[in-house]
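Asks: Below are the sequence and a predicted model for it; my questions follow.
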Number of protein chains: 2
Amino acid sequence: MVSSGFRDLLLKLGLPEGRLHVLEGKGRIEEDTFEGIRYVRFRDSAKGFRRGTVVFEDGTVVSGFPHIKRVVQLENGVKRIFKGRPFYVEEKVDGYNVRVVKVKGRVLALTRGGFVCPFTTERILDFVNEGFFKDYPNLVLVGEMAGPESPYLVEGPPYVEEDIEFFLFDIQEKGTGRSLPAGERYRLAEEYGIPQVEVFGLYDRSRIEELYDLIERLSREGREGIVMKTPDMRKVAKYVTPYANINDIKIGSHIFFDLPHGYFMGRISRLAFYIAERKIRGEEFDEYTKALGEALLKPLVESIEEVSQGHEVEESFTVRVKNISTAHKMVGHFERLGVKIHIEDIEDLKNGYWRVTFKRVYPDARREIRELWNGLAFVD
Amino acid sequence: MVSSGFRDLLLKLGLPEGRLHVLEGKGRIEEDTFEGIRYVRFRDSAKGFRRGTVVFEDGTVVSGFPHIKRVVQLENGVKRIFKGRPFYVEEKVDGYNVRVVKVKGRVLALTRGGFVCPFTTERILDFVNEGFFKDYPNLVLVGEMAGPESPYLVEGPPYVEEDIEFFLFDIQEKGTGRSLPAGERYRLAEEYGIPQVEVFGLYDRSRIEELYDLIERLSREGREGIVMKTPDMRKVAKYVTPYANINDIKIGSHIFFDLPHGYFMGRISRLAFYIAERKIRGEEFDEYTKALGEALLKPLVESIEEVSQGHEVEESFTVRVKNISTAHKMVGHFERLGVKIHIEDIEDLKNGYWRVTFKRVYPDARREIRELWNGLAFVD
């Protein structure tokens, strides 16, 4: 439900009354509060409002971040999307998406789903220069938070050795969600010292061999992939490395029964398209098959063995926070997401930060394994 | 729709009128004819009628063959299902299920879905002694048709070197669908010379090590698995070999985009349960991961390469028939199943049989691969 103040605000912003009614009825628009700042988040799209859009009580609208289209055949994808036009190639960093915005005097970090993330919000000014928002109060910094100590992912990119970092990859206007041209973003990031994703340069379809080399290098280095963008940011597409496809399968296999089948099948088919496009044969092909088989089986077998011995299916992760209360707020945040989590350990790093270790359990995956292990007979 | 004669018959047999109405409305009960013999088949279950049940115009009811429950942890499955009681272990033959029945003076072979199969019906008396039905007109022989020349499967068990064979594994009463006790079936099969699935003997839970040895041997020999049955046929469960899980994945990977994700995921998880139960480590574990990876990737990559060169995704198979008209009837039968198939070649074997080669194409799988290969950008 949405309170009457927000109701009036949303109608004034152009949300049709009928649509608001439907969204409320289905619980697809929700009102929330973060440290006294009230907001609503769109769990579905509506006319003029993308899914993930956040509207604050002062009328600030932060548009949802759109899903970037994927190609699985790089050469033909590049030709089809960009035709003869040039495009920037940037790194696709393996982290979680945040939109950073200043509202009512506070810099807040929003998750993809439209929550104010207590952890990211506490930490964001470690990475982002607040001066940017003084000069550009109407802009939103969009980037990836990535590193080995992340609340949402079990791994980070190889070059973030500890903690977490912010990597800018888009700057959008409040309200419209329109992106600044890429060149403008590069200039602003430089000017304000905002860390950004690696930019590999301007390519076009004639340089496909160089793109292949880049993908191979990124894969060798354990990196996720690339995002290709026309300078005006109108056309954007992503492509991931074979490394990332296999590594995602390995991470997912541990919680096999908690993930949709498509999670695995999509990655297997992307790997197959890579192998077919690059005409990989012989020993290199064998290495991929072995890596894929192991990624699928090993963590799953380990989870089955764990559960058969009475243990949980679980993942643990750490984050660094300035205030222990932030860790407790994260537990509350996860609870609202329906995630079962608890704090395992808190360690004083003696540098103004605490390292908090969380454990997340997967009761559904565990129940499924336990039933099957216990000899359940089922029709499939 | 069902004609009025069948309508009256079904109501007399106890099908509630409301249920008949619903089934007709959804097209889940269909009337059909085979060489002048009229029948209806149930595509869904209804009170007293299992899915796949066939009712003939003379009132003969052949009950649908029930799905056999699967266990993925053999030891605990055996304990849970059979407790301390003994059970026969029979081979699970990799073929297609047929119910053989005499109706209006003709021996007919019904598929699982309740069609009279033109091919199997033409060939069934090559394998089954018609004398059985003279003595037991009220019984239905249920078995697996399996071999390298099968219209429904691309492979058969290793010990059928050519053509196809019939393997009895159940005898049921017309009408009730009740199974004869296993011992009675063994005796009748022996008496009438009806070929049956291999029976490995009577086991109980204390002989789990011998069962493990059996599964290992069957897997080594490229065989599908076992079905365990109490002598009274009241409790039945199946278990498949790691070989079959991997081999099914290999066969399926060729038509990856035509199969539901669960086809692959189920087999991967069964393989993982086998590895966990048998505590497989080291080199043997590595062999499984490699075999799984190759089974998933190789045929899929080949299909992508085929489609990228403008070819179809296709499978070819041969059958041996006495009359060429039977091959044409099979094309019609497949068309009703929505399968795209055509005759590629007909060869006179000079022994009263023709070898007919069919080609089946998978337009949906091809379209999906072609779109992706051509660089489609999509949100997933």
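Replies: Done, it's in.
Asks: Please name the nearest non-neighbouring residue to the spatially most central residue of chain A.
Replies: Centrality entry for chain A: nearest residue to the mean C-alpha point is A:Tyr96, 2.9 Å, by CA atoms, centre = their mean. Leaving aside its chain neighbours, A:Tyr96 sits nearest to A:Tyr152 (4.4 Å; criterion: CB to CB, 6 or more residues apart in numbering or on different chains). Just so you know, the C-beta spots here come from the backbone N, C-alpha and C atoms, and that holds for glycine as well.
Asks: Roughly how far does the one you found sit from chain B?
Replies: Separation of A:Tyr152 from chain B (CB to the nearest CB, to the nearest Å): 19 Å.
Asks: helix/strand/coil for that residue?
Replies: Assigned with DSSP: H, G, I helix; E, B strand; the rest coil, A:Tyr152 falls in the coil class.
Asks: Before we move on, what's the pLDDT of it?
Replies: What the model reports for A:Tyr152 is a pLDDT of 94.
Asks: One more: A:Met330?
Replies: pLDDT, read off for A:Met330, is 95.
Asks: Now for it, how many residues are close by?
Replies: 22 (other CB atoms under 10 Å in any protein chain shown).
Asks: now swap in A:Phe119 and tell me
Replies: A:Phe119 has 23 neighbours, counted by other CB under 10 Å.
Asks: With the one 5 residues further on instead?
Replies: Each residue near A:Ile124 was counted by other CB under 10 Å, and the total is 20.
Asks: wait, A:Arg38 sits on A:Glu57?
Replies: Yes - using CB atoms under 8 Å, A:Arg38 is in contact with A:Glu57, at 4.3 Å.
Asks: okay, and the common contacts of these two?
Replies: A:Phe6 (CB atoms under 8 Å, 6 or more residues apart in numbering or on different chains).
Asks: For the longest helix seen in chain A, buried residues please.
Replies: Scanning chain A for the longest helix, with DSSP state H as the assignment, gives helix A:282-308. Neighbour-count burial for helix A:282-308 flags A:285, A:288-301, A:303-308 (criterion: 16 or more other CB atoms under 10 Å in any protein chain shown).
Asks: Can you spell out which helices and strands pack onto it?
Replies: Contacts defined by 3 or more CB pairs under 8 Å, 6 or more residues apart in numbering or on different chains; DSSP states H and E place helix A:282-308 against helix A:242-253, helix A:261-277, helix A:363-373, helix B:261-277, helix B:282-308.
Asks: what is the mean pLDDT for the shortest one?
Replies: Per-residue confidence for helix A:363-373 averages out to 97 on the pLDDT scale.
Asks: check contacts around the residue of the stretch 1-150 of chain A found nearest chain B.
Replies: Nearest residue of the stretch 1-150 of chain A to chain B: A:Asn76, at 3.2 Å (CB to the nearest CB). A:Asn76 sits next to B:Trp373, B:Asn374, B:Gly375 when contact means CB under 8 Å, 6+ apart.
Asks: So the residue nearest to the centre of chain A is in contact with A:Met145, correct?
Replies: Yes - between A:Tyr96 and A:Met145 there is a contact under CB under 8 Å: 5.4 Å.
Asks: quick one: is stretch A:219-239 near chain B?
Replies: Yes - counting by CB under 8 Å from any CB of the partner chain, contacts between stretch A:219-239 and chain B involve A:Ala237.
Asks: List the buried residues in that stretch.
Replies: Under the neighbour-count criterion of 16+ other CB under 10 Å, stretch A:219-239 has A:219, A:223-230, A:233, A:235-239 buried.
Asks: Among the residues you listed, which one sits closest to chain B?
Replies: A:Ala237 (5.0 Å).
Asks: Wasn't that closest one part of a strand?
Replies: Yes - judged by three-state DSSP, A:Ala237 forms part of a strand.
Asks: residues contacting it?
Replies: A:Ile68, A:Lys69, A:Arg70, A:Val71, A:Gly77, A:Ile81, A:Val227, A:Met228, B:Ala377.
Asks: how about 7 Å then?
Replies: A:Ile68, A:Lys69, A:Val71, A:Gly77, A:Ile81, A:Met228, B:Ala377 (CB atoms under 7 Å, 6 or more residues apart in numbering or on different chains).
Asks: again, but for A:Gly77
Replies: Counted by CB under 7 Å, 6+ apart, A:Gly77 has contacts A:Val71, A:Ala237, A:Tyr239, B:Gly375, B:Ala377.
Asks: ok, how many other residues are close to the residue nearest to A:Tyr96?
Replies: 19.
Asks: quick one: which of the contacts of A:Asn76 has the most company?
Replies: Neighbour-wise, the contacts of A:Asn76 (other CB under 10 Å) top out at B:Trp373, 21 neighbours.
Asks: That one touches B:Glu305, doesn't it?
Replies: No - if you go by CB atoms under 7 Å, B:Trp373 and B:Glu305 don't touch, sitting 9.5 Å apart.
Asks: quick one on the thing from earlier: taking helix B:282-308 as reference, get the angle to the strand or helix carrying the residue of the stretch 1-150 of chain A closest to chain B.
Replies: Assigned by DSSP states H and E, A:Asn76 falls within helix A:74-82. Here the directions of helix A:74-82 and helix B:282-308 differ by 50 degrees (axes from the mean of the first three to the mean of the last three CA atoms, to 10 degrees).
Asks: what about helix A:74-82, average pLDDT?
Replies: 98.
Asks: do the same with stretch A:166-180
Replies: On average, stretch A:166-180 scores 97.
Asks: and it, how far from the chain's centre?
Replies: 15 Å (CA atoms, centre = their mean, to the nearest Å).
Asks: got the CA positions of that stretch in CSV?
Replies: Provided in CSV are the C-alpha atoms of stretch A:166-180 (Å, rounded to 0.1, in the frame of the first residue of the first chain):
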residue,chain,number,x,y,z
PHE,A,166,32.8,1.0,-7.0
PHE,A,167,33.1,1.1,-10.8
LEU,A,168,31.1,3.7,-12.6
PHE,A,169,29.6,2.7,-16.0
ASP,A,170,26.7,5.1,-16.6
ILE,A,171,25.6,8.6,-15.5
GLN,A,172,21.8,9.3,-15.9
GLU,A,173,19.6,12.2,-15.3
LYS,A,174,17.1,12.0,-12.4
GLY,A,175,13.6,11.8,-13.7
THR,A,176,14.1,10.8,-17.3
GLY,A,177,16.8,8.2,-16.6
ARG,A,178,18.5,9.5,-19.8
SER,A,179,22.2,8.6,-20.0
LEU,A,180,24.9,11.1,-20.6
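Asks: residues of it that come out buried?
Replies: Result for stretch A:166-180 [16+ other CB under 10 Å]: buried residues A:Phe166, A:Phe167, A:Leu168, A:Phe169, A:Asp170, A:Ile171, A:Gln172, A:Glu173, A:Lys174, A:Gly177, A:Ser179, A:Leu180.
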